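Chemist: Structure of the sequence below:
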Amino acid sequence: MENQIKIRYQALLLLDFQYDFLDENGRLQIASDQVKELVSSTIVAIRHAKEKNDLIIMIGNEFRKSQFISNIFRKNSALQRSLGASWDKQVFIPEGIYLSKSKKDAFSNRNLSMLLQQHNIIKVVLTGVFAKDCINTTARAAIKKGFSVEVLTPAVGCKSNTSKEDALSRLSKIGVTLINEYI
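Modeler: Numbering: from 1, shown residues only. Below you'll find the model as predicted:
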């Protein structure tokens, strides 16, 4: 019997789907009118990624309490081992891989690059928050590392609709492909 291994080329990256950014009581919530579409679009993307056997990676902020100055600007959101850093249950994937980060760029966790290489990934699809910060920084790092980058626009949030649109426009100008559904 021959072992058949599906070669993966695409990964779905879920960035910062955490209590402090999505819940109305969170310390640094995205625009409340974006949350419902962000979550529902991500759930659909997860379903499609599973059907295709694409790699799914959840990457969450876990800021250290010692990051005093940065934490002030972030309103002490997503501190390690806090309720605010907990992953949103609606988009948690038990079979997915979780990686933590303490900077905007998901590639600041070196395990992300290694994992993508191990699975023959050439394209990453980004979802999550904040479009102007973590999505932007991660997209730029992915491009520098040679990945093709797509951003699933309905599955991305920011502090306001204007901020989201500005961030998406900037990403488009640097070669990121903006998509409306996960393919």
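
Chemist: pull the longest helix from the protein.
Modeler: Looking across the chain with DSSP state H, the single longest helix is helix 32-52.

Chemist: Against which helices or strands is it packed?
Modeler: On a contact count with 3 or more CB pairs under 8 Å, 6 or more residues apart in numbering; DSSP states H and E, helix 32-52 meets strand 10-15, helix 19-22, strand 55-61, strand 123-129, strand 148-157, helix 161-173. All C-beta atoms are positioned from the backbone trio N, CA, C, and that covers glycine.

Chemist: Output the contacting helices and strands for the shortest one.
Modeler: So that's helix 19-22. Short answer (3+ CB pairs under 8 Å, 6+ apart): helix 19-22 packs on helix 32-52.

Chemist: Mind listing what's buried along the helix it packs on?
Modeler: Gln34, Val35, Leu38, Val39, Ser41, Thr42, Ala45, Ile46, Ala49 (16 or more other CB atoms under 10 Å).

Chemist: How about the third one, nearest residue that isn't a chain neighbour?
Modeler: If you skip the residues right next to it in sequence, Leu38 has Gly157 as its closest partner in space, 4.6 Å away by CB to CB, 6 or more residues apart in numbering.

Chemist: so who does that neighbour touch?
Modeler: Residues in contact with Gly157 (CB atoms under 8 Å, 6 or more residues apart in numbering) are Phe21, Leu22, Ile30, Ala31, Gln34, Val35, Leu38, Gly128, Val129, Phe130, Ala131, Lys164.

Chemist: Take the residues you listed and write them to a markdown table, including pLDDT and distance to Leu12.
Modeler: A markdown table is the format used below for the contacts of Gly157 (pLDDT from 0 to 100; distance: CB to CB, whole Å):
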| residue | pLDDT | distance to Leu12 |
| --- | --- | --- |
| Phe21 | 92 | 18 |
| Leu22 | 95 | 18 |
| Ile30 | 95 | 19 |
| Ala31 | 97 | 23 |
| Gln34 | 98 | 19 |
| Val35 | 97 | 19 |
| Leu38 | 97 | 14 |
| Gly128 | 98 | 10 |
| Val129 | 97 | 15 |
| Phe130 | 96 | 18 |
| Ala131 | 97 | 17 |
| Lys164 | 98 | 19 |
